[in-house]
Every structure is written in C-alpha cells, then in structure tokens.
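Chemist: Please work out how this folds:
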Amino acid sequence: MIIKKVKDYMSTPVNVIERNEPIQRARNLMFKYSIGRLPVMDNGRLVGIVTKYDITNRISQAAPEWRRRPIDKIPIQVVMTEKPITIFPDATMPQAAELMIENDFSGLPVEKDGEIVGMVTSRDMVRYFSDQDVSSKVEDLMSKNILTVHRHHTISHILDEMNAQGLSRALVYEDGKAPVGIVTRSGLTFSQIMGPKDEMETKSIKMTRKESTAGRKQQRYIKEMPFVAEDVMTSPVYSLAPEMGAVQASKTLAEKHIIGMPVVKGDEVVGYFSADEIIAEIGRWK
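Modeler: Prediction:
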C-alpha cells in the first residue's frame, strides 16, 4: 500500500456558506457541485459544518404549524454542527480515515494557518483506495448490515429506520428477491419533498368512488398522500460480485460517482460495499 497525504487527495476549491444563510442555499450548492457538506463561516471564521444528514433530519423533524417558516428563511445555524473537527494538509490519509471513524464523519475540512484550504471526504477516500495495490475482495470488506424497505413505505418511515440503524441508504423491494431501487440521503436532500413551510410535502392522487353497487355513477376526488420510496428512489440498482477485487470495486464506485453498491450473489443481496467500508480499511493502515 502507498501512504499519501491529505493534500494529495483533498478537494479544492472549497464552497462555504455563512451561518445566517438559508438551508435552501445549502441545498442548491450541494446539488450544483455534487457535494455532501459545507463549512459554515462567520466573518471568515469556521464555526460549523452542515451536511446532507443535517438537512434530511430536518425533513423528518418538521415543526408544528404555528412555528413553521418557509425553508428559504431557515438559517443554516439552526441545523449545523458547531465546532467542527479539522485536519492539516500534511496529515496522512490513514490518519484522516481514523479521525472520520472515531467521530462518525464522512468528511473533514482541511485547515492551514487558520484558513480552510480543502475538504477530504469519503469520495476522496474511494479515489485513494482505488490507487492501491491490495488483494482484498469485496466480500472481505463488505457490510452485512442492510436496510430494506417496501416501495410503498413512507419517507418518514425510511428516515426513522436510517437514523435507528445509522445508515445512509435503503434498498427498495416490491415482491421479488432483487431490489427495484435505492433511497439515499443524497436523493432525499435534493428531492422536492420539503414543502414551503418546512413540512413534508404530499402528492395528489386522483381517486374514483362508485356511488351505487351497480356502478352507474362515479365521483372523482383528490386524495393527499405522503411521498413513498418509489417516488424518490434511484433505479435501476447497480451491484457488485462478492469475489470482485475491492480495489476494482472502488474504481467502479469512483467512475459511477456513487459511494456504495449492493453485493449480489446469485440473485440475492448478501452485503453492501461502500465508502464506509473503504474508510474503515484505510483507517487500519499505519
């Protein structure tokens, strides 16, 4: 294995946001630049960090009607994590991985002389691992902790399960053994399920009701229904084979610009290989 420094893989330039700017601006920046976290500044000083995790949690923790404000007026400081941990550019990638694992982070601001000069994230860890020469296979590193949901489960239910199990994705099933889609925190962050008053949006379904047993008269009406898995899931689902080399699998993740894929043996999902497992492996290198 080749030990490299954070400055060799960190992402630059860094997009930042002020603490009094709205959540909507954070979502727009994350979507535009395909990033999952933003350092939060106050007059040039780092005071926090906001992630897709923070925003999706806001979706499932809507305030009572009388306290709601339009999402474009809710400041970042309401949902950000204060006093973020930073790392120096000359630290090694294994040291960064170890820090991520210890604090359950998927990214760290890189600081030099009091300035934010980069971000090292799970995606950077995937790229770093892709450059290694190790013999591990996907089945050696994959996680067997898999969250499965039905395509008609509500978004609130899925978020509750994600939070309970500490996961950032759920495989969506209908009736077969193979998943029909996947729901991720990224997808939820960028979806349009957050209403104008910081509440979970609903969708309008046209229904038909027969007014007599003979079915001679029909009445059409609109019913408001909560968003469910099939409304926000990504499909089709790409997968990896358990005997595939872990380095090659990480290259596949990097090429597809995703951070995880289910592992399938035969027609059954047996695990999940993601940046989390890659970071855990890097963190063991000294």
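Chemist: quick one, helices of the stretch 101-250 of the chain?
Modeler: Under the criterion DSSP state H, counting those that start in this stretch, helices of the stretch 101-250 of the chain are mapped to 122-130, 138-141, 155-165, 185-190, 229-232, 246-256.
Chemist: looking at these, which is closest to Arg37?
Modeler: Nearest to Arg37 among the helices of the stretch 101-250 of the chain is helix 122-130 (9.9 Å), distances taken as CB to CB. For the C-beta atoms, the positions are set from N, CA and C on the backbone; glycine is no exception.
Chemist: which helices and strands sit right next to that closest one?
Modeler: Applying 3 or more CB pairs under 8 Å, 6 or more residues apart in numbering; DSSP states H and E, one finds that helix 122-130 contacts helix 6-9, helix 93-103, helix 246-256, helix 275-282.
Chemist: run the last query once more with 6 Å
Modeler: helix 246-256, helix 275-282 (3 or more CB pairs under 6 Å, 6 or more residues apart in numbering; DSSP states H and E).
Chemist: Throw the helices of the stretch 101-250 of the chain into CSV and include mean neighbour count and mean pLDDT, thanks.
Modeler: Output for those, formatted as CSV (neighbours: other CB atoms under 10 Å; pLDDT from 0 to 100):
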stretch, mean neighbour count, mean pLDDT
helix 122-130, 23, 96
helix 138-141, 19, 97
helix 155-165, 17, 89
helix 185-190, 20, 75
helix 229-232, 19, 89
helix 246-256, 18, 95
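Chemist: Out of those helices, which is closest to Lys52?
Modeler: Nearest to Lys52 among the helices of the stretch 101-250 of the chain is helix 185-190 (4.2 Å), distances taken as CB to CB.
Chemist: closest one to Val134 among the helices and strands packed on helix 122-130?
Modeler: Among the helices and strands packed on helix 122-130, helix 246-256 comes nearest to Val134, with 6.1 Å by CB to CB.
Chemist: ok, Arg27 - how many residues close by?
Modeler: Residues within reach of Arg27, counting by other CB atoms under 10 Å, total 19.
Chemist: Where does the prediction get shaky in the stretch 101-250 of the chain?
Modeler: Residue ranges of the stretch 101-250 of the chain with pLDDT under 70: 190-225.
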